[in-house]
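Enquirer: Structure for this input, please:
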Amino acid sequence: MTAASLTNPPSIFMRPPQHLAFMAAPTETARDELDRLVTRYGNCHPGEADVVICLGGDGFMLETLRVILEAGLTTPVYGMNCGSVGFLMNPTDEEDLPYRLAHAQAAVIHPLRMKAVTAHGEAHEALALNDVYLFRQTRQAAKLRIDVDRLVRIPELICDGALLATPAGSTAYNLSAHGPIVPLSGNLLPLTPICPFRPRRWRGALLPSSAHVGFSVLEHDKRPVAAVADSIEIRDVVSVQAWEDRELAVTLLFDPGQTLSERIAAEQFSA
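Expert: Numbers count the residues shown, from 1 in each chain. Sure, this is the predicted structure:
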């Protein structure tokens, strides 16, 4: 095996894919790009496509991946950046798109599954490709108890919140909260406090990907807390369970030399 094959894994396609499905964010830039690409390459239903092309930014990519997961599809997704940061996206280039897709390299991501129970006894469930986090709803700090695999690790964390991230999401909110960046192949989940007050010196933990994390909201009547799985927000929660669902996966495609693993690695050396 050559060094090139180690850094550039083989494509998942034997030939350029011909059946493309386009999904666009509700922005003028993405809609204009959608019109041009559909005119040039056609459009089909995601369930019948070889590849789903996501036109937008990282937020719309997460929405698209959740749609793919909830529909039970295994169709790979290739993002074209029509947003701002575009960490999960590729450059927008309309030329010879099937050829680019044929040489794209795959990254497989397993989502986090969140189960939340509210103060009213309502149960909610959601999936997250980036992170599951809890945050205070009022001016008062939240008080959380954190257990890992049913063992209490933090009896009381006074904080703005706490989050559990996927490796792919470790460079997003987790990094802003001073959590560690995790390699895509690391089989680790960062558990990170958000603005912790007590215990003051606790800065989080790296958990095995098999870990089951439980958050209990203490004094929830006085200190209400919300829980979020990517863009799904549940208010007034009293308990949240989160873990990596290994039975589910989505496949993202990236141009050669710009794989998700390389982007995550590069973030560790950026200023």
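Enquirer: ranges for the helices of the stretch 51-200 of the chain?
Expert: 58-70, 97-102, 173-176 (DSSP state H, counting those that start in this stretch).
Enquirer: Out of these, the one nearest residue 136 is which?
Expert: Among the helices of the stretch 51-200 of the chain, helix 173-176 comes nearest to residue 136, with 15.1 Å by Cβ to Cβ. Any C-beta I mention is one placed from the backbone N, CA and C, and that applies to glycine too.
Enquirer: Name the residues of the closest one that are buried.
Expert: The neighbour-count check on helix 173-176 (16 or more other Cβ atoms under 10 Å) flags 173-175 as buried.
Enquirer: what mean pLDDT would you report for it?
Expert: Mean pLDDT, computed over helix 173-176, is 95.
Enquirer: Specify the beta-bridge partners of residue 107.
Expert: Under DSSP bridges, the beta-bridge partners of residue 107 are residue 252.
Enquirer: Please list all residues in contact with it.
Expert: Going by Cβ atoms under 8 Å, 6 or more residues apart in numbering, residue 107 touches 168, 184, 251-254, 259-261.
Enquirer: Out of those residues, which comes closest to residue 212?
Expert: residue 168 (19.6 Å).
Enquirer: so of the helices of the stretch 51-200 of the chain, which one's packed in deepest?
Expert: Of all the helices of the stretch 51-200 of the chain, helix 58-70 has the most neighbours on average by mean count of other Cβ atoms under 10 Å, namely a mean of 20.
Enquirer: now for that helix, which elements pack on it?
Expert: Judged by 3 or more Cβ pairs under 8 Å, 6 or more residues apart in numbering; DSSP states H and E, helix 58-70 is in contact with strand 20-24, strand 51-56, strand 77-81, strand 123-128, strand 250-254.
Enquirer: Ok, which of these comes nearest residue 138?
Expert: strand 123-128 (20.5 Å).
Enquirer: how far is the closest one from where the chain is centred?
Expert: Computed by Cα atoms, centre = their mean, to the nearest Å, the chain-centroid distance of strand 123-128 equals 14 Å.
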